[in-house]
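[1] Got a predicted structure here, sequence first:
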Amino acid sequence: MSPERSAKPMFRASLLLAIVIGVFLAPPARAEPRVNTFNLSNGMQVVVIEDHRVPVVTHMVWYRAGAADDPWGTSGIAHFLEHLMFKSTGKLKSGEFSRTITRLGGRDNATTTHDTTSYYQRVAKEHLRGVMELEADRMVNLRLNEDEVKTERDVILSERRSNVDGNPLSLLSEQMLRVLYYNHPYGRPSIGWEHEMAKLSRQDALAFYKRYYAPNNAILVVAGDVTPEEVRSLAQATYGRNRPNRGLVRPIRPDEPKPLAARRVELVDGRAGARILLRYYPTPSYASGPPGESESLELLARIIGGDDTSRLYRRLVVENLASTAGANFSGQQRDGGRLAFVVIPLEGVAVEKVEAILDAVILEVREKGVTEAELERAKSAIEAVRVFESDDQMQLARRYGEGVAFGQTLAQLAELPQRVQSRSLDDIKRVAGEYLARERSVTGTLLLPQKVEPSAGPQAVKQ
Amino acid sequence: MSTITDRLWSRALWCQLLLAVAVWLTSSPVCALSVEEIASPKGIKAWLVEEHSVPLIAIKFAFAGGASQDPAGKEGLATMVGDLLTEGAGDLTEEAFKAQVSSLGMRLSLAAGRDAIYGALETLSKRFAPSAALLRLALTAPRFDEDAIERVRSQRLADLAMAANEPSRVAVDRWYQEAFPGNAYGRPADGTPQSVMRIVRDDLTRQHAKLLARGVLKVVIVGDIDKAAAAAALDDIFGDLPGEGQVALLAKAEPRPAAAPIVVEKDLPSATATFGLVALSSKDADFPALEVLNHIIGSGDFDAVLTEEIRVKRGLAYSVQTGLVHDSITSLLLGAFSTKNDTMGAALGVLKDVLVRMARDGPNATQFENAKRYLTGSFLLDFDTNAKVASSLLAIWVDGDGPDYLQRRNQKINAVTLADVKRVAREVLNTQSLIVTIVGKPQL
């Protein structure tokens, strides 16, 4: 910070301006953030979201490549590469990336989904340039050695064991998704199948890296206390130096055929704490469907099972048949979404019984639609959720980064609230009729073995 | 028009202004967050942050007491009280109450922890008045209808059955049970199937009257609301609660060391461990040094010694982290990780080596400087949403600090010396007092 000599005049000027502008013209609260976008000459798209409450920025790079792009036989490679991106480049030693961010008082992490791989850092605004230099560097200069790759492979295998294999509900969902998708790679787990993960190599990782990591396959999102002008000049000086991949070819993602048969998956697992009923239906997503379709599905899911006023909650939980009953729409995927329903029956209540009620609730909505009061309540709730999200830089950055990665425009993303508000009772009834047809569904049940093994029960505590 | 740039400028300049003042007076650059202590006409105190840039208001509060006040044999009582506050209140049946909450799109949560009943309300500022009215009703006039009690009981029993199969939860519960035998802390906060079955309506209404009182209340309000409206809201929401309840806060206690790891045997592909030591209270002069030490050992960043040794060098675990926990009875350094059953012994060996080495040698100068830079630089990152600001401030208040903690905290960290950290490492990292609980079928 500057010494007194320069600090004082600046302070006085600021004080005057702050009083004039800040106090007497206090800006009104806004529900929607200010968002701008532009492209660098190498094809990298940049999105800037202004949030000047604290001098902090969230910096994200999104690659339009994820687990659905894993070459067959190497499931998990997109996610494995995400881990390996924290190893060395020509300039940085292994682990130095995160170390540097930490030293700047920042936080960083990365996420792999089926459609994207994204890296983010949150730092004080004065460190933005440094962060951009680091991220631009590892976009093109990654170096991997065999030993590091082998050790990190043990880490992803451990991650799978903790997050999937150790969790019966995750396992059931993984088995169901493989059956839900006939043709599309969304049916493969994003973390990978264990037997394929165990064989992933340095070459597999580098091939994926060379193919997909390039400015013309990436989106930069900066949210926080910055202006588009600042970000433009920083981005040109950092990412702007990376050469595009002229031969970039986006892989073909096969379309799904029309589903003709309802499917069932049953997992028996002694470690499960309760029996669980899960139901999936494939749907369009915000990015893949016509405008308004996902908004209708979002409202539908909320009305059937979004909160304690929903039909499933009233029919199952209030009637003392289940401890949990809910529905959820996942619309944040590129090629398609999914409606999910979950019921956890109370002890002594048959899974068949709660499934029959779930079916009855769904049938009722398909035949008779929903009520005006239900629709208004759901719209009001979604409006509030949107504002809650706008309070959170990370969520905003994710909304825009992911949306743009899926090919949506800023205007399309910003108009979502209006599209939600304009949905009609007919829209809701129509999507229920269209997407909740029995033959499109996969039903999964998590069951306990007939005789519970002594080692699986909590009574086996050793002193 | 020019409103866009105006808005931008005003914010940027406010920051500069506050920074300038801060640097001038205290040389501690915490900007843009000004916390005001307010009191309502009825004398209810709160911390207020006015933040008008997003049309939201967040209120977070705590009634000290919580599950620690459960009578023996009725464990889970405070948890059920918390659950039942939003299951119908005043003239509103459960269904009518929830329909209003849903229509307002408000987030309302009331839940018991070991040391307090915590509440949170987040709502659009244009819907604040009706949202606050529902919160008032939930706190002051819960119905405790018999059918709601039975439903909540069923849900709690189902949750307990699920929790019994979540390795990390079992490991933590077992840790507290081992560390604090005979103490309310050694008992499960959410109860057991047997204790939850014993709870009747009278227990619930009595405990509600004991726990929810203005005398044990702390409130933080953040968002699109001015001081006068905030003060009025305090009386509207909390003004009808009794001044004094009946909360007997627990006496301080020390964890009882366990010589060998305690194993809860379960047939799982990996083993999950919780480990912990008694640490320093947040009021201890050496606490900032402990924060630095904890960051160096177990932040979970790639920089952290445990992550380096267990994950990066050996691939034994996906994540290993430690944290400083302030319970009302004591302060702890607690950590957790999962690894394959057959590598648990090796991973525990590495953990102990790290602790012994750190106690003996302390961190090196680079680790020390890096940790201080992280802790001071990252402090603001927890203050970027109204809800997070409110939660962070409430935690500061509950820990016994004042709103000036925001200004003092980085100074305190900056004042820590390497010698301080080494001294604290010798004091705290005593592997003799380490308690480890493991869920799985570990090879040790």
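    That came in fine, so what should we check first?
[2] Pick out the residue in chain A sitting closest to chain B.
    A:G105 (1.4 Å; C-beta to the nearest C-beta). Yep, even glycine has a C-beta here, placed from its N, CA and C like the rest.
[3] which residue sits closest to that residue, ignoring its sequence neighbours?
    Leaving out its chain neighbours, the residue that sits closest to A:G105 by C-beta to C-beta, 6 or more residues apart in numbering or on different chains is B:G377, at 1.4 Å.
[4] Which parts of chain A belong to which domain?
    A:29-241, A:263-452 (automatic domain parsing).
[5] need these in a markdown table with mean neighbour count and distance to B:T272, can you?
    Putting those into a markdown table (neighbours: other C-beta atoms under 10 Å in any protein chain shown; distance: least, C-beta to C-beta, whole Å) gives the following:
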| stretch | mean neighbour count | distance to B:T272 |
| --- | --- | --- |
| domain A:29-241 | 20 | 8 |
| domain A:263-452 | 19 | 12 |
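[6] Output these in CSV; the columns should cover distance to B:L160 and mean pLDDT.
    Converted to CSV, these look like this (distance: least, C-beta to C-beta, whole Å; pLDDT from 0 to 100):
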stretch, distance to B:L160, mean pLDDT
domain A:29-241, 17, 94
domain A:263-452, 9, 95
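[7] okay if I get those domains as TSV plus distance to B:V439?
    As requested, these are exported to TSV (distance: least, C-beta to C-beta, whole Å):
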stretch	distance to B:V439
domain A:29-241	10
domain A:263-452	11
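[8] out of those domains, which comes closest to B:L290?
    The closest of these to B:L290 is domain A:29-241. By C-beta to C-beta, the value is 18.5 Å.
[9] Ignoring the adjacent residues along the chain, who's closest to A:T37?
    Distances taken as C-beta to C-beta, 6+ apart place A:V47 nearest to A:T37, at 4.9 Å, with adjacent residues excluded.
[10] any idea which element that neighbour lies in?
    Under the criterion of DSSP states H and E, A:V47 resides in strand A:45-50.
[11] Other residues contacting that strand?
    A:33-40, A:218-228, A:231-232, A:235, A:393, A:396-397, A:400-401, A:404, A:410, B:8 (C-beta atoms under 8 Å, 6 or more residues apart in numbering or on different chains).
[12] re the thing from before, for the residue nearest to A:T37, give the beta-bridge partners.
    A:T37, A:V221 (DSSP bridges).
[13] and residue 238, what is it in contact with?
    Unless you meant another one, I'm taking chain A. For A:T238, the contacting residues are A:R129, A:M132, A:E133, A:E135, A:A136, by C-beta under 8 Å, 6+ apart.
[14] um, chain B though
    When contacts are counted by C-beta under 8 Å, 6+ apart, B:F238 touches B:I44, B:F61, B:R136, B:L139, B:R214, B:L217, B:V219.
[15] What is the three-state secondary structure of A:A65?
    Following DSSP: H, G, I helix; E, B strand; the rest coil, we place A:A65 in the coil state.
[16] Quick check: it touching A:Y209?
    No - between A:A65 and A:Y209 there is no contact under C-beta atoms under 8 Å: 9.6 Å.
[17] shared neighbours, those two?
    Both A:A65 and A:Y209 lack any common contact, where contact means C-beta under 8 Å, 6+ apart.
[18] related to what we said a few turns ago, which ones among the contacts of A:T238 map onto helices?
    A:R129, A:M132, A:E133, A:E135, A:A136 (DSSP state H).
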